[in-house]
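Undergrad: Next comes the sequence, and after it the predicted model I'd like to discuss.
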Amino acid sequence: AQSVTQPDIHITVSEGASLELRCNYSYGATPYLFWYVQSPGQGLQLLLKYFSGDTLVQGIKGFEAEFKRSQSSFNLRKPSVHWSDAAEYFCAVGAGVSSASKIIFGSGTRLSIRP
Amino acid sequence: NAGVTQTPKFRVLKTGQSMTLLCAQDMNHEYMYWYRQDPGMGLRLIHYSVGEGTTAKGEVPDGYNVSRLKKQNFLLGLESAAPSQTSVYFCASSPPPGGFTEAFFGQGTRLTVV
């Protein structure tokens, strides 16, 4: 069955420091992968997505993610975090067939920013 | 530009009561989803729909029913609420091919069952 694992429940980084959030997936075919962000009290917003092609994808707000098939990973990175990046981050995989597909989410990583 | 609208935003129910959560989208999307979000468990799919008149079970469908009589609306029903259904509920919609493209989320409904 398809699944997504985010091994880090909570991460704290200093403002201006670099960030990497880990995501591992389990999927038999070529995965469709997503990163979403949820600010407190809000719904989810798409940061970036990977379908095929270049394994390094750029997203909004200065985020990027790298797809590594050999490691079944899709880690999210940002070179320098800002206080406004404090939020919860979800990795997700598209699953099923085109006519009946769905999105499976990981358990999320909460990011705190140290001033 | 409303996007995905969930009604109500907050609700407190007593055990055994019933209620319906409404999700409305104005983007003409085929796919719609209901998720619940619980601490440490991420978003778990309850039910989803791939088009008007169709519904399918997700990961945690027990205790919930859904209907998609109109393309723009997706209703989630709790027939007999239980404390285990205390959660934040999110609705989302997406164009085809559904799970392989961006989903647009509502602001959530915080439900407490006492």
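TA: Sure, I can see it.

Undergrad: Now do the end-to-end distance for stretch A:32-49.
TA: Stretch A:32-49 has its terminal residues 7 Å apart, counting by C-alpha to C-alpha, to the nearest Å.

Undergrad: Just give me the longest strand of chain A.
TA: The longest strand of chain A (DSSP state E) is strand A:87-95.

Undergrad: what's in contact with it?
TA: Contacts to strand A:87-95, defined as C-beta atoms under 8 Å, 6 or more residues apart in numbering or on different chains, come from residues A:2-4, A:6, A:21, A:23, A:25, A:27, A:31-40, A:44, A:47, A:74, A:76, A:101-106, A:108-111, B:42-43, B:98-101. Where C-beta positions appear, they are placed from N, C-alpha and C, glycine not excepted.

Undergrad: How about the residues of chain B by chain A?
TA: B:4, B:31, B:33, B:35, B:40-45, B:48, B:50, B:56, B:58-59, B:90, B:92, B:94, B:96-103, B:105-108 (C-beta under 8 Å from any C-beta of the partner chain).

Undergrad: Distance from the helix or strand following the longest strand of chain A to the middle of the chain?
TA: Counting by DSSP states H and E, the element after strand A:87-95 in chain order, helix or strand, is strand A:102-105. Taking C-alpha atoms, centre = their mean, to the nearest Å, one finds strand A:102-105 lying 13 Å from the centre of the chain it belongs to.

Undergrad: mind listing what's buried in whichever helix or strand comes after strand A:102-105?
TA: Following strand A:102-105 in sequence order, the next helix or strand is strand A:109-114 (DSSP H and E). Within strand A:109-114, the residues that count as buried by 16 or more other C-beta atoms under 10 Å in any protein chain shown are A:109-111, A:113.

Undergrad: is it possible to export the residues you listed to CSV including pLDDT?
TA: Below are those laid out as CSV (pLDDT from 0 to 100):
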residue, pLDDT
A:Thr109, 97
A:Arg110, 96
A:Leu111, 97
A:Ile113, 96
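
Undergrad: Give me the phi and psi for the most centrally placed residue in chain B.
TA: Geometric centre of chain B, nearest residue: B:Trp34, 2.8 Å, by C-alpha atoms, centre = their mean. For B:Trp34, the backbone dihedrals are phi -120, psi 130 (criterion: degrees, to the nearest 10).
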